[in-house]
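S.K.: Mind looking at a prediction? Sequence and model below.
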Amino acid sequence: MVWTQAVESRPFAAGRLVCFPHAGGSPYFFRSWGKALTDVEVLSVCYPGRAERIGEPPATDLKLLARRIAEELRPLPDGRPTAFFGHSMGAFVAHEVALLWQADGAGVSHFFASAARGPQTAHGTPEKAAAMDEAAVLRIMAQLGGTDAELLDNPAFLELVMPYVHADFQMVAGYAGQPGALLDCPVTALLGDTDPRVTAEQAASWRESAGSSFTMRTLAGGHFYLADEPPFEIIEEALRAG
């Protein structure tokens with residue numbers, strides 16, 4: 001069971017960036033990042049149920065998912081700084097993994113939360129998860145963009161992706177954050193200025209999770225602002241600053 005893929009192998013890079021995809025996302029979302037970010041080795045997390053892991057059942061518990069990812073990633077701190085970049089649901093997963101690392105004596109060098117509200121605002125319950133049916137998932141996907149509208153009406157496409165997309169959305173709906181849990185590294189929150197699901201106030205609430213410095217950056221675009229204009233300069237600037 002392989003949880004991460006090297007977007008472009010770079011074993012002698014000064015540091016690493018581990019990318020955590022959104023709900024319904026796969027490691028392919030970050031396929032261009034390895035060539036663009038030349039000073040780090042980019043790794044992308046592959047959740048079960050998609051891409052090379054399509055035959056596995058999707059995860060249903062976000063904190064359990066994070067524990068399993070943390071176990072695989074734990075050998076990474078080998079002297080090279082490792083930063084996390086989580087987009088949407090991926091920010092929650094990355095936050096849980098980072099907290100597990102801290103508890104185990106391994107630090108994250110920088111934390112990027114993209115298109116996500118702060119984890120202390122997540123008050124998920126099993127009831128909310130159960131209410132997230134496939135119709136609700138399709139409505140949210142249409143609102144967020146990032147998926148061709150024609151594909152959302154394609155039965156063959158939905159038959160392929162809906163099992164893991166639905167599971168991801170239910171997992172987020174059932175997720176409750178850890179109030180008062182602080183990251184011991186700089187935190188950068190990024191948000192598209194027309195994001196229909198995350199407000200500036202919600203994105204800025206990541207400040208409450210930052211035990212070190214906090215930066216908020218607003219970029220042009222919606223929930224998937226980074227699909228057309230990845231924030232490479234912001235990432236490189238933050239990593240250079242340490």
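M.R.: Nice, thanks for sending it over. Residues are numbered from 1 along each chain as shown.
S.K.: Can you pull the phi/psi pair for Ile140?
M.R.: Ile140 adopts backbone torsions of phi -70, psi -40, taken as degrees, to the nearest 10.
S.K.: And Leu43, by the same measure?
M.R.: Per-residue torsions, Leu43: phi -110, psi 140 (degrees, to the nearest 10).
S.K.: ok now do it, which residues does it touch?
M.R.: Contact analysis of Leu43 by C-beta atoms under 8 Å, 6 or more residues apart in numbering lists Thr4, Gln5, Ala6, Val7, Arg16, Leu17, Val18, Cys19. Placement of C-beta: from N, CA and C, glycine included.
S.K.: Let's see that with 10 Å instead.
M.R.: Leu43 sits next to 3-9, 16-20, 27, 30, 33-34, 73, 76, 82 when contact means C-beta atoms under 10 Å, 6 or more residues apart in numbering.
S.K.: With Leu239 instead?
M.R.: Leu239 is in contact with Ala14, Gly15, Leu17, Leu37, Asp39, Val40, Pro81, Ala83, Ser109, His110, Phe112, Pro186, counting by C-beta under 10 Å, 6+ apart.
S.K.: Turn those residues into JSON lines, including neighbour count, pLDDT and distance to Ile69.
M.R.: JSON lines is the format used below for those (neighbours: other C-beta atoms under 10 Å; pLDDT from 0 to 100; distance: C-beta to C-beta, whole Å):
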{"residue": "Ala14", "neighbour count": "11", "pLDDT": "84", "distance to Ile69": "23"}
{"residue": "Gly15", "neighbour count": "17", "pLDDT": "89", "distance to Ile69": "19"}
{"residue": "Leu17", "neighbour count": "27", "pLDDT": "95", "distance to Ile69": "15"}
{"residue": "Leu37", "neighbour count": "23", "pLDDT": "93", "distance to Ile69": "21"}
{"residue": "Asp39", "neighbour count": "13", "pLDDT": "89", "distance to Ile69": "24"}
{"residue": "Val40", "neighbour count": "22", "pLDDT": "92", "distance to Ile69": "19"}
{"residue": "Pro81", "neighbour count": "17", "pLDDT": "91", "distance to Ile69": "18"}
{"residue": "Ala83", "neighbour count": "23", "pLDDT": "96", "distance to Ile69": "15"}
{"residue": "Ser109", "neighbour count": "18", "pLDDT": "94", "distance to Ile69": "17"}
{"residue": "His110", "neighbour count": "24", "pLDDT": "96", "distance to Ile69": "18"}
{"residue": "Phe112", "neighbour count": "29", "pLDDT": "98", "distance to Ile69": "16"}
{"residue": "Pro186", "neighbour count": "21", "pLDDT": "96", "distance to Ile69": "21"}
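S.K.: State the pLDDT value of the closest residue to Val7 other than its chain neighbours.
M.R.: Distances taken as C-beta to C-beta, 6 or more residues apart in numbering place Gly34 nearest to Val7, at 3.3 Å, with adjacent residues excluded. Gly34 carries a pLDDT value of 88.
S.K.: Thr38 too?
M.R.: Note on Thr38: pLDDT of 88.
S.K.: And for it, the neighbour number?
M.R.: Thr38 sits with 12 neighbouring residues when counted by other C-beta atoms under 10 Å.
S.K.: residues contacting it?
M.R.: Neighbouring residues of Thr38 by C-beta under 10 Å, 6+ apart: Glu8, Arg10, Ala13, Phe232, Glu236.
S.K.: could you redo the last one with a cut-off of 6 Å?
M.R.: Neighbouring residues of Thr38 by C-beta atoms under 6 Å, 6 or more residues apart in numbering: there are none.
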